[in-house]
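Undergrad: requesting a structural model of the entry that follows:
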Amino acid sequence: MLLEDLAEMAPGPELAAFLATVDRSVLNGYEMVELMRARSRQIAHEQAALLADMVEVAHCASGEFDSPAGRMERPDEFASDEIRMALCLTRRPADRMLSLALDLVNRLPAVHEALSRGQLDLARARVFAAETAVLDEPTARQVAGEELDWATNRTTGQIGARLRRKVISVDPDAARRRQERSVARRSVHSGLDEHGTARLAGYRLPADRAAEALARIDAIARAVKQAGDERSMDALRADTFLDLLTGVETAGAAAGGAVELRVSLSTLMGLSNEPGEVAGWGPVIGEIARKIAKQQARGPWRASVYDDSGGLVFHGRVRRRPTRIDEQFVKARDVTCRAPGCRVPASHADLDHTRDFAKGGATIPENLGVMCRHHHGYKHHDGVDVLQIMPGVFVWTSRLGHRYVVPHDPPDLPD
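TA: Sure, this is the predicted structure:
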């Protein structure tokens, strides 16, 4: 087999045999990436087989080493114990693995098959199982089937956000009831870690209030940083969080933060209940999106309004000082860093010239893109190249010569 055949080769015995004999020392960087991808597909294939094995073990009837191959109709409460003991797992991980195996093999067979083909890895298959858990089996299969091809080259975070929007869309009323039940169980948890430092976190909070609170913490921390404080931004956010809760006077405490909401015009007008999306957080039900939008008049919210074809109708924010129109538009268009798989929100990223200004690149939206600090630096690494082939669509060439397309995914809007 030639190495260039690897990209098209399905996982299975033939690929496993080749991978067992390949000599890495003779491969260049480009070829090593292809080898890495092929091995990842093979691992996914074997993980799918392992999950199927677990399902069979869970159904096996009691017996000895020479007993016939009997099966129970359904696993009993001790089904995971055999798996736990055989694989040296503790109880909870064994329970979780068996639960995932049963879920993928029985409830989401198309996702299990995609794992076996190497189209998805186990982490992404697990996201499909988790995000569709609230749906009945036929609807879960339909949603998963519609998104499998799209998910092939997406990260777990991207897939999770997409599926959450989809789950809200297929049954908005059920999504609202789930949200209300969850908020009714809101709580604060605390504890110490192995270093003797504390954790303090709120759970099941209303998404609109949590986003507004975090935006305020961030705005205060940034104001303190701009005043010359040498603490890191993470430390400033943590200290601001504690100061606000304990009533300590905080410099810049009156500052509000910007929270960006993406919502269709029909949802905003109450004509549909399609989900909105809070940048950096993810999908929220239509009712919460409308609640956020109403706060535009009294607080530092920034809103992006789309028509039903996905076109950007309005983008704006109540603020003390105006910003450049181009910057607002590009950040509203791109939403997150435009590097492959990166989900750093535009509010925490830079605006970058795709073609460098020093090399003749124009300062126009078609040559601007959102880029986090890490990928801003990576873009200038030797061998790395970035093109914006159409507004919001980027093609990255890695330092090992591989190309990755970052499409512009418009918001999911009602039919």
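
Undergrad: alpha carbons only for contacts and neighbour counts from here, please
TA: Fine.

Undergrad: for the helix or strand harbouring L98, which positions count as buried?
TA: Assigned by DSSP states H and E, L98 belongs to helix 91-102. By neighbour count on 16 or more other C-alpha atoms under 10 Å, the buried set for helix 91-102 is A94, D95, M97, L98, S99, L100, A101, L102.

Undergrad: excluding its backbone neighbours, what's nearest the second one?
TA: Closest residue to D95 in three dimensions, ignoring its sequence neighbours and counting by C-alpha to C-alpha, 6 or more residues apart in numbering: S80, at 5.7 Å.

Undergrad: give me every residue that touches the one you found.
TA: A58, R91, A94, D95, L98 (C-alpha atoms under 8 Å, 6 or more residues apart in numbering).

Undergrad: what does H381 give?
TA: Neighbours of H381 in contact, by C-alpha under 8 Å, 6+ apart: R399.

Undergrad: 10 Å - rerun?
TA: H375, S398, R399 (C-alpha atoms under 10 Å, 6 or more residues apart in numbering).

Undergrad: least confident pick among the residues you listed?
TA: In terms of pLDDT, R399 ranks lowest among the contacts of H381, with 87.

Undergrad: for the nearest residue to that one once chain neighbours are set aside, phi and psi?
TA: Nearest residue to R399, sequence neighbours excluded (C-alpha to C-alpha, 6+ apart): G383, at 4.4 Å. With angles defined as degrees, to the nearest 10, G383 sits at phi 90, psi -10.

Undergrad: and G383, how many neighbours does it have?
TA: Neighbourhood size, G383 [other C-alpha atoms under 10 Å]: 12.

Undergrad: could you do I325 as well?
TA: If we define neighbours as other C-alpha under 10 Å, then I325 has 11 of them.

Undergrad: measure it to E249 for me?
TA: Between I325 and E249 the computed distance is 35 Å (C-alpha to C-alpha, to the nearest Å).

Undergrad: what are the ranges of the strands in this protein?
TA: Counting by DSSP state E, residue ranges of the strands within the chain are 187-192, 198-203, 259-264, 276-278, 282-284, 301-306, 312-317, 350-353, 368-371, 385-390, 393-397, 403-406.

Undergrad: out of the ones you listed, flag the one nearest Q119.
TA: strand 403-406 (16.5 Å; C-alpha to C-alpha).

Undergrad: residues contacting that closest one, please?
TA: Residues outside strand 403-406 that contact it (C-alpha under 10 Å, 6+ apart) are 153-154, 338-342, 384-389, 392-398.

Undergrad: can you tell me the centre-most residue of the protein?
TA: Taking C-alpha atoms, centre = their mean as the criterion, G157 is the residue nearest the geometric centre of the chain, at 1.2 Å.

Undergrad: isn't it up against F128?
TA: No: counting by C-alpha atoms under 10 Å, G157 stays clear of F128, with 11.3 Å between them.

Undergrad: overlap in contacts of the two?
TA: Taking C-alpha under 10 Å, 6+ apart as the contact rule, G157 and F128 both touch L163.

Undergrad: low-confidence ranges in the stretch 151-300 of the chain?
TA: The model of the stretch 151-300 of the chain has pLDDT under 70 over residues 250-259, 295-300.

Undergrad: quick revisit: distance from the chain centre to the helix holding L98, please.
TA: Here helix 91-102 shows a centroid-to-chain-centroid distance of 23 Å under the convention C-alpha atoms, centre = their mean, to the nearest Å.

Undergrad: now stretch 346-361
TA: Stretch 346-361 sits 24 Å away from the centroid of its parent chain (C-alpha atoms, centre = their mean).

Undergrad: which parts of that stretch are buried?
TA: Neighbour counts over stretch 346-361 (16+ other C-alpha under 10 Å) mark A346, S347, A349, D350, L351, D352, H353, T354, R355 as buried.
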